[in-house]
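Trainee: pasting the sequence and the predicted model now:
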Amino acid sequence: MDKSEENKKPIKNRKRFIKILNIAIIVVAVLVLALEGVLYYQRSYLTPFWVNGQSMYPTLNYNATDANGNKLDETSGNAGVDYTVDYGVMDTHKKAINKIKRFDIIVTKYASTDTKNKIKRVLGLPGETVEFVVTGNGNENNGNLLINGELVDQPISSEFITHANYPTTKWELGADEYFVCGDNRAHSSDSRNEGPVKKELITGKVVAICGTAKVYYDGQHFDIKNIHYTWPKKVK
C-alpha cells in the first residue's frame, strides 16, 4: 500500500464516524420529539378517574376493600367511609370519543345537571335499535342483547347478566345517543332506567387501570387520597 492510500484511510474513517454520529443525533432528536408528543398528549387528554361503587363489578373494583381491608362483593354499592378502589386514566380527546365502539367502557353523565360521573359499558351505538330478550317474569334467565333485531354476544359472564331487571322497551337511538349498562346488571342504574346518554355528556373513554386510591366520603362529598400506582392494566 502506498502512502497516498494510507493517508486516505483516516479520512474515510473520519467521514464514516461523522455520518454515524449525524444519524445518531437525528434518531435521538426524533425520539425526544416523540416523547414530548406523548407527554403533551398525556398531560392534555389522559385524565385520571376513580371507580365509585360496584356497578361495573367484576370488570372494575374487583379488588375493592372497605376500611378494614375486607373485600367488597358485587352488592356493596357505595362502601361509605375510607375504602380502596380502582384508579385509572381515560382518554378525553374528541377523537377518542368520536371513535367509541360497542363494548368500550366510558365515563359519562346521564344529564347536564349530574354532579357525579358514571362508568358504564357501551352496548348500543348511534342510530341503532336496542332491546333485550326477556323471559320468565323479567327477572330471571334474561339479558340477551338484540341490536337491530340481531342477537349480539356480550363480553360479560352470564352470571352478571341474568337475574336482573330488563324492561321490554325497545330503544331507538338518535344520531348522538349511546345505550350504556353496567356489567353488574342487577346492581347498576343505567340506560335501562335512565335512557340513552347524549354524546355531549361523555367525558372520556376508559384506557387503563393504573393503581388504587383510598376514597373518603363525609356524607356529602368524596375525597381521594393515598394513590398507589401499579403497572397499567388495559380495561376490556
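Mentor: Arrived safely, thanks for sending. Numbering: from 1, shown residues only.
Trainee: the strand ranked longest in the chain pairs with which strands?
Mentor: Ranked by residue count, the top strand of the chain under DSSP state E comes out as strand 202-217. In the sheet, strand 202-217 lines up against strand 83-91 (antiparallel), strand 105-108 (antiparallel), strand 222-234 (antiparallel) (DSSP bridges).
Trainee: next up, the contacts around the residue nearest the centre of the chain.
Mentor: Central residue of the chain (C-alpha atoms, centre = their mean): Val206, 1.5 Å from the mean position. Neighbouring residues of Val206 by C-beta atoms under 8 Å, 6 or more residues apart in numbering: Phe49, Gly88, Met90, Asp104, Ile105, Ile106, Val107, Ile119, Val235. All C-beta spots, glycine's among them, are computed from the backbone N, C-alpha and C.
Trainee: number of residues surrounding Ala186?
Mentor: 17 (other C-beta atoms under 10 Å).
Trainee: correction: Lys199
Mentor: 16.
Trainee: can you check the one 3 residues further on too?
Mentor: Burial of Ile202, expressed as a neighbour count using other C-beta under 10 Å, amounts to 22.
Trainee: quick check: it touching Ile105?
Mentor: No: the pair Ile202 and Ile105 does not pass the contact test of C-beta atoms under 8 Å, sitting 11.3 Å apart.
Trainee: thinking again about what came up before, let me know the closest of the contacts of Val206 to Leu125.
Mentor: Asp104 (9.9 Å; C-beta to C-beta).
Trainee: so where's this protein shaky on pLDDT?
Mentor: 1-15, 17-18, 21-22, 24-45, 77-81, 135-141 (pLDDT under 70).
Trainee: all helices for it, in order.
Mentor: 3-45, 94-98, 158-161, 191-194 (DSSP state H).
Trainee: of all the strands paired with strand 202-217, which one comes closest to Met56?
Mentor: Using C-beta to C-beta, the nearest of the strands paired with strand 202-217 to Met56 is strand 105-108, at 7.2 Å.
Trainee: tell me, how many residues neighbour the closest residue to Glu74 other than its chain neighbours?
Mentor: Distance criterion C-beta to C-beta, 6 or more residues apart in numbering; nearest residue to Glu74, sequence neighbours excluded, is Tyr57 at 4.2 Å. Look at Tyr57: counted by other C-beta under 10 Å, it has 22 neighbours.
Trainee: please renumber the chain so that the first residue is 57 from this point on.
Mentor: Sure, I'll start numbering at 57, so the last one becomes Tyr113.
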